[in-house]
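> Predicted model follows, preceded by the sequence.
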Amino acid sequence: MKKPNPLLEDLRAILPAIAANAARAEQERMVPAENIAMLKGIGMHRAFQPKAYGGLEISLPEFADCVVALAGACGGTAWAFSLLCTHSHQMAMFSKRLQDEVWGENRDATASSSIAPFGKAENVEGGIILNGELGWSSGCDHAEWAIVGFRRPAGEGEPPVYCFGVVPRADYEIRDDWYVAGMRSSGTKTLILKDVFIPDHRIEAAKDMMEGRSAGFGLYPDSKIFYAPYRPYFASGFAAISLGVAERMLVAYAEKTRNRVRAYTGVSVGTATPALMRLAESTHQVAAARAFLEKTWQEHAEHAERHQYPDRPTLAFWRTNQAYAVKMCIQAVDRLFEAAGGTAWFDANEMQRLFRDSHMTGAHAYTDYDVCAQILGRELMGLEPDPSMV
């Protein structure tokens, strides 16, 4: 039996209002400020923030349940806001000095990100100078900081080091270039950095973060969430959103199909055998995806509670389980949408948005199952990880 989740109960109270904003959010191509205010009003942005700064430090299963519910109301809002939340877990792996700068005066501060190493870094005394156009920064319009990726030059003859840096909102511009088919309301735009100085205390090597060797690791010995690498937390939202969208599609399909009749014959679609079979199979598939994800999320929580850092095989399963669940959810959505009729393609029909958003959940690098299958396959065969696969 699941333990009570007060944050989820508070979230459910505002979901109708967020769902009512879904069409406007798509038109504006970003999360409405009203949605952000409601979500911050219930404290969801504090989910993975250290308690030292007023955070909740809730477990991954509790958080994921909230993201699933939020995605059923608006996939783009869930995408952007879940990332603003999970980035707090990542920032807790940085130095105490950086955390004081972020949350010392503003405990409501959040960070968006563009963590692929798009930036061009130059070493200078005390840090780096970063330039670049860094795309894919979801929710950036509502964030006070950004976590950015780059390769830092190393010593002579040494390869550059993949790093993350944290920069304040004043140090970058936002290019409004988010014109897409799916997750339109996530506001995933491009950050423009020109000669931005990032001091060393705001920089961590990605490998150190994944292996529990970053400056912030161990800062919170009583915590039950910070003895786990940031990446499973970062990736958890994508699968949770895919599940939430798929679960909403089951409901929307049943509602739209129940009284639907074929235009030329007047025959009921809702009682026809194909419709019943499609709904049943998709329901089973989504239920299987939920069970698979809940098992994975619970394993995260149990490792964290034991202060046990996961070994490489465990990380490989965590990394790839979520992508497989996304694959199942997309298949379930497709099965229903392809039989939903022409009216499902109208902008006013919720199902076309769910279809588009569902496919977008599988387009992220972390949910690319072709990559994930190779990662897990190599682990199962005792091969070294391929560094070209993240």
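That came in fine, so what should we check first? Numbers count the residues shown, from 1 in each chain.

> Which other helices and strands does whichever strand or helix holds Gln285 contact?
Assigning secondary structure by DSSP states H and E places Gln285 in helix 273-305. Where contact means 3 or more CB pairs under 8 Å, 6 or more residues apart in numbering; DSSP states H and E, helix 273-305 is packed against helix 60-73, helix 230-258, helix 312-337. Backbone N, C-alpha and C define where each C-beta goes, glycine included.

> can you pull out the helices in the stretch 101-250 of the chain?
For the stretch 101-250 of the chain, the helices defined by DSSP state H, counting those that start in this stretch cover 206-210, 230-258.

> returning to what we had before: centre of the chain to the helix holding Gln285, how far?
Distance of helix 273-305 from the chain centroid (CA atoms, centre = their mean, to the nearest Å) equals 18 Å.

> returning to what we had before: which one of the helices and strands packed on helix 273-305 lies closest to Ala289?
With respect to Ala289, and counting by CB to CB, the nearest of the helices and strands packed on helix 273-305 is helix 312-337 at 4.3 Å.

> Just the local confidence number for Gln308, please.
Predicted confidence (pLDDT) for Gln308: 84.

> Report the spatially closest residue to the spatially most central residue of the chain, excluding sequence-adjacent ones.
The chain has Gly237 as the residue nearest its centroid, 3.4 Å off, counting by CA atoms, centre = their mean. Leaving out its chain neighbours, the residue that sits closest to Gly237 by CB to CB, 6 or more residues apart in numbering is Ser82, at 3.4 Å.

> Likewise for Trp318?
Distance criterion CB to CB, 6+ apart; nearest residue to Trp318, sequence neighbours excluded, is Pro232 at 4.9 Å.

> Now for that neighbour: which residues touch it?
Pro232 is in contact with 60, 300, 315, 318-319, counting by CB atoms under 8 Å, 6 or more residues apart in numbering.

> Now do the same for it: its pLDDT.
For Pro232, pLDDT reads 81.

> and what of Arg175?
Listed pLDDT for Arg175 reads 99.

> Settle this for me: it is touching Thr190, isn't it.
Yes: counting by CB atoms under 8 Å, Arg175 touches Thr190, with 4.2 Å between them.

> Show me whatever sits in contact with both of those two.
Counting by CB under 8 Å, 6+ apart, the common neighbours of Arg175 and Thr190 are Glu133.

> When the two are compared, which one has more neighbours?
Shown here are Arg175 and Thr190; by other CB atoms under 10 Å, Thr190 has more neighbours (20 against 15).

> Can you give me the separation between that one and Arg356?
21 Å (CB to CB, to the nearest Å).

> For the helix-or-strand element of the chain with minimal mean pLDDT, give me every contacting residue.
Of all helical and strand segments in the chain, the minimum by mean pLDDT, DSSP states H and E falls on helix 206-210, at a mean of 91. Here helix 206-210 makes contact (CB under 8 Å, 6+ apart) with 90, 93, 115, 149, 161-164, 213-214, 229-231.

> ok, Gly135 - contacts?
Counting by CB under 8 Å, 6+ apart, Gly135 touches 114, 118, 177, 188-191.

> picking that back up, I'd like to know the average pLDDT value across the helix holding Gln285.
For helix 273-305, mean pLDDT rounds to 96.

> buried stuff in it?
275, 278-279, 282-283, 285-286, 289-290, 292-294, 296-297, 299-301, 303-304 (16 or more other CB atoms under 10 Å).

> Quick check, Asp386 in contact with Arg378.
Yes: between Asp386 and Arg378 there is a contact at 6.3 Å, judged by CB under 8 Å.

> out of the two, which sits in the more crowded spot?
With neighbours defined as other CB under 10 Å, Asp386 and Arg378 compare such that Arg378 has more, 15 against 11.

> Understood, closing this out.
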